[in-house]
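> structure here, sequence nowhere to be found:
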């Protein structure tokens, strides 16, 4: 099972923009293509793979449903039953319920499932244990080895929807008849059923099309007439519904993975400020590093502790192809053949941390309380990846990444305000009060340090066997590795990246979908409005919508048609008023601002006005400026168009921390005194009497006539507060 993954090599056939090409040469991130007519074309690898018309026939398996929707539809009881069944099959195959000796439970492997025991004997032992036949055990093993992987163990009837197995000819004819009654008076249901039956008999012959029973036909009519006033409501409303425009907007994005990656999370030895509460916090950095080149392929800085979406963002950044217009600070390494993380941190469904879906061949994870969900295992299995835990108490398995954390601390963090030292013995006094950078700003600084310094300087751990004395930087090793290997593992379907996103379940109305009071729409919803989804489970009747928590201006919808399974972008109805991605942080701040400035707050309207002021550079408070800075950096958006460029090329690898663009910019901002309206009211000095004209130049009449404080008479409370507003 290749899981939709192909090897980029000379001779690979690629379909692009309706034409077929053959790869004849690979040179770094540029590849040379030859068309059938013999013409040559050189293109950027990231641009080609991210183009929506690109297809790899070698890896073009039949379209598969999104794993996120399938697994999030399972109830807790179904999840437990699924996991137990999968562990039984792993025990038959490997002798261990978790699939490897590093995660062996007490007493494993059991004698009847030891690796030296013949497979047929293991099949018979498992069949006896479960009370099923040997053929059932073998059939289940064949399912997980098929194109769907472990998802093949899910119930086969999922996704059929309310229309079930009804003959599509009956469904189509029923829709035609209902369309004819848009301009007519409302008919009774039995008349529609009789009309459909007679027309099918006239077109295909009586008895050719299997008709549903009367009770089932009424249920089907209710579903087909949903949202169109076919049998209820006014005829005028039915005509109005039929004339509704389908709507427009929509844009697809694509991703692809790299080579071999180490993943780990560490708590940084520096304090930072949380953007919303403006309190100092400890922060954790999740990093993905390519083992061969020592390049950082993805990172995410979060306040303690790391969440599922943060780990997903790192893994997505690792596998995502980048176009030449995007910042090249984190070079693309293709689909990882191995992603290494420690094993001692793995937990079950009651664990604290969650590692979402990954697109890699082997995933190796750190011993830090990471729960491998069924969703993750299914995605990895679909892509032909193996989940490989690093050996407990063996730091050499991830030594390069552990050493990189030390390099980061000594080369960058120690020079920043808020640095707390490597341990409590080296910590200064009240270092948290010196925390200067907000979390997004600190992440931007780390990224620039990686791009301008770490990736470009000599790395003592890199060596070319043919020339061991040659000094190499991570970027040099990246170019050398591409030339030496001559291939990259790539995704055959760019839309596989959407499995990284969180899934929200909702209905599709005539205006689109509504996620957390925000409405989204797009052309992909044509024909799906006011219909019940074919998905079952605990969210039966609702549609799964993929949501990027870092950019809520768009969500993603997968067409459930088995012939398509195409992903579509649904835009927020007010997204065109914005300049860049929108985060939930900005939305929450807009709500607070709305409550503070309006008696009857309209959060959406206030949000639009607020972001328009950001775009014009008229931010009214320090918090607004901080959020604007964060929104301007699209790196926090998982599905965004890419990180923002640095603005100027910097080739000197010895750039100091103080010269990093973000540090210079933020230092300049901090040196600017806040405006008067930004001061805390508590800091305003209290006046002992009424505010009087103090006078200015003594040659002005109004200054000469000013009343001095000692000459002013007493003012009553009623007179003093006469012009105050009543806010009760």
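All right, it came through fine. Note that the coordinates shown come from a computational prediction; the quantities given were computed from them, not determined experimentally.
> contacts and neighbour counts: CA atoms only from here.
Fine.
> what comes into contact with stretch 512-530?
When contacts are taken as CA atoms under 8 Å, 6 or more residues apart in numbering, the neighbours of stretch 512-530 outside the stretch itself are 226-228, 246-250, 504, 506-511, 554-555, 557, 559, 568-573.
> and the end-to-end length of that stretch?
Distances were taken as CA to CA, to the nearest Å; on that basis the terminal residues of stretch 512-530 are 9 Å apart.
> and it, average pLDDT?
In this model, stretch 512-530 has an average pLDDT of 89.
> give me the buried positions along it.
512-515, 519-525, 528-530 (16 or more other CA atoms under 10 Å).
> would you reformat those as a markdown table and include distance to residue 272 and secondary structure?
Output for the buried residues of stretch 512-530, formatted as a markdown table (distance: CA to CA, whole Å; DSSP: H, G, I helix; E, B strand; the rest coil):
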| residue | distance to residue 272 | secondary structure |
| --- | --- | --- |
| 512 | 40 | strand |
| 513 | 37 | strand |
| 514 | 35 | strand |
| 515 | 31 | strand |
| 519 | 34 | strand |
| 520 | 35 | strand |
| 521 | 38 | strand |
| 522 | 39 | coil |
| 523 | 43 | helix |
| 524 | 42 | helix |
| 525 | 43 | helix |
| 528 | 46 | coil |
| 529 | 46 | coil |
| 530 | 47 | coil |
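> nearest to residue 233 among the residues you listed?
Using CA to CA, residue 530 is the member of those that sits closest to residue 233, with 14.8 Å.
> domain ranges for this protein?
Each structural domain of the chain that the record assigns through automatic domain parsing is listed here as a residue range: 5-59, 75-153, 260-489, 494-573, 584-671.
> where are the low-confidence patches of the stretch 351-500 of the chain?
351-397, 418, 420-436, 485-497, 500 (pLDDT under 70).
> show me what stretch 104-116 is in contact with.
Stretch 104-116 is contacted from outside by 91-92, 94-98, 121-122, 125, using CA under 8 Å, 6+ apart.
> now, which of those residues lie within helices?
By the criterion of DSSP state H, membership of those in helices covers 91-92, 94, 121-122, 125.
> and of those, the nearest to residue 12?
The shortest distance between residue 12 and any of the ones in helices among the contacts of stretch 104-116, using CA to CA, involves residue 94 and amounts to 34.4 Å.
> how far away is the closest residue to residue 540 other than its chain neighbours from residue 173?
Counting by CA to CA, 6 or more residues apart in numbering, the nearest residue to residue 540 once its immediate chain neighbours are dropped is residue 533, at 7.4 Å. Taking CA to CA as the measure, residue 533 falls 20 Å from residue 173.
> these two: who's more crowded?
residue 533 (23 against 16; other CA atoms under 10 Å).
> is it fair to say the more buried one lies in a strand?
No. Applying DSSP: H, G, I helix; E, B strand; the rest coil, one finds residue 533 to be coil, outside a strand.
> surely it meets residue 542?
Yes. Taking CA atoms under 8 Å as the contact criterion, residue 533 and residue 542 are neighbours in contact, 5.4 Å apart.
> which of the contacts of stretch 512-530 fall within strands?
Residues from the contacts of stretch 512-530 lying in strands, with DSSP state E as the criterion: 504, 506, 508-509, 554-555, 557, 568-572.
> so which bits of the strand with the most length in the chain are buried?
Criterion DSSP E: the longest strand present in the chain is strand 260-273. Of the residues in strand 260-273, those buried by neighbour count under the rule 16+ other CA under 10 Å are 260-265, 267-273.
> can you name the element that comes right after it?
Read in the C-terminal direction, the helix or strand following strand 260-273 is strand 280-290, with elements assigned using DSSP states H and E.
> helix or strand next in line after that following strand, which one?
Following the chain from strand 280-290 toward its C-terminal end, the next helix or strand by DSSP H and E is strand 296-303.
> which helices and strands does that following strand pack with?
Using 3 or more CA pairs under 8 Å, 6 or more residues apart in numbering; DSSP states H and E as the contact criterion, the secondary-structure elements in contact with strand 296-303 are strand 280-290, helix 308-319, helix 439-452.
> taking strand 260-273 as reference, get the angle to the longest one.
Right, helix 439-452. When axes from the mean of the first three to the mean of the last three CA atoms, to 10 degrees is applied, the directions of helix 439-452 and strand 260-273 differ by 140 degrees.
> helix 439-452 vs strand 296-303, what angle?
Here the directions of helix 439-452 and strand 296-303 differ by 160 degrees (the same axes, to 10 degrees).
> helix or strand right after helix 439-452?
helix 474-485.
> now that following helix: buried residues?
Of the residues in helix 474-485, those buried under the neighbour-count criterion (16+ other CA under 10 Å) are 474-478, 480-482.
> elements contacting that helix?
Applying 3+ CA pairs under 8 Å, 6+ apart, one finds that helix 474-485 makes contact with strand 19-27.
> partners of the strand it packs on in the sheet?
Applying DSSP bridges to the sheet, strand 19-27 is found paired with strand 13-16 (antiparallel), strand 30-35 (antiparallel).
> contacting residues around whichever strand or helix holds residue 136?
Counting by DSSP H and E, the element that carries residue 136 is helix 134-144. Where contact means CA under 8 Å, 6+ apart, the residues beyond helix 134-144 that reach it are 89, 123-124, 126-127, 149-153.
> name the residues of it that are buried.
Residues of helix 134-144 classed as buried by neighbour count (16+ other CA under 10 Å): 134, 137-138, 140-141, 143-144.
> possible to save those as JSON lines with pLDDT?
What follows is those, written out as JSON lines (pLDDT from 0 to 100):
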{"residue": "134", "pLDDT": "85"}
{"residue": "137", "pLDDT": "84"}
{"residue": "138", "pLDDT": "84"}
{"residue": "140", "pLDDT": "82"}
{"residue": "141", "pLDDT": "82"}
{"residue": "143", "pLDDT": "79"}
{"residue": "144", "pLDDT": "78"}
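> mind putting the residues you listed into CSV with distance to residue 442?
Converted to CSV, the buried residues of helix 134-144 look like this (distance: CA to CA, whole Å):
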residue, distance to residue 442
134, 58
137, 53
138, 53
140, 49
141, 48
143, 47
144, 43
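> now for these: which two are most distant?
Set against one another by CA to CA, the buried residues of helix 134-144 have their most distant pair in 134 and 144, with a gap of 16.1 Å.
> and of the buried residues of helix 474-485, the nearest to residue 193?
Sorting these by distance to residue 193 puts residue 482 at the head of the list, at 64.4 Å, by CA to CA.
> so for residue 309, what's the pLDDT?
The predicted local confidence for residue 309 comes out at a pLDDT of 57.
> between the helices and strands packed on strand 296-303, which one is nearest to residue 23?
Once CA to CA is applied to those, the stretch that comes out nearest is helix 308-319, at 21.1 Å.
> out of the helices and strands packed on strand 296-303, which is the most enclosed?
helix 308-319 (a mean of 25; mean count of other CA atoms under 10 Å).
> need the helices and strands packed on strand 296-303 in TSV (columns: distance to residue 237).
Putting the helices and strands packed on strand 296-303 into TSV (distance: least, CA to CA, whole Å) gives the following:
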stretch	distance to residue 237
strand 280-290	54
helix 308-319	43
helix 439-452	50
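> so which of these comes closest to residue 9?
The minimum distance between residue 9 and the helices and strands packed on strand 296-303 falls on helix 308-319, with 17.9 Å, by CA to CA.
> what's across from the closest residue in space to residue 398 that isn't next to it in sequence in the sheet?
Computed as CA to CA, 6+ apart, the closest residue to residue 398 that is not its neighbour in sequence is residue 262, at 6.8 Å. Beta-bridge partners recorded for residue 262 (DSSP bridges): residue 289, residue 340.
> and residue 133, how many residues sit next to it?
Residue 133, neighbours per other CA under 10 Å, totals 14.
> worst-scoring helix or strand of this structure, pLDDT-wise?
Across the helices and strands of the chain, the lowest-confidence element by mean pLDDT, DSSP states H and E is strand 353-355, at a mean of 31.
> quick revisit: for residue 38, find the nearest of the helices and strands packed on strand 296-303.
Using CA to CA, the helices and strands packed on strand 296-303 put helix 308-319 closest to residue 38, at 31.9 Å.
> fine by me, thanks again.
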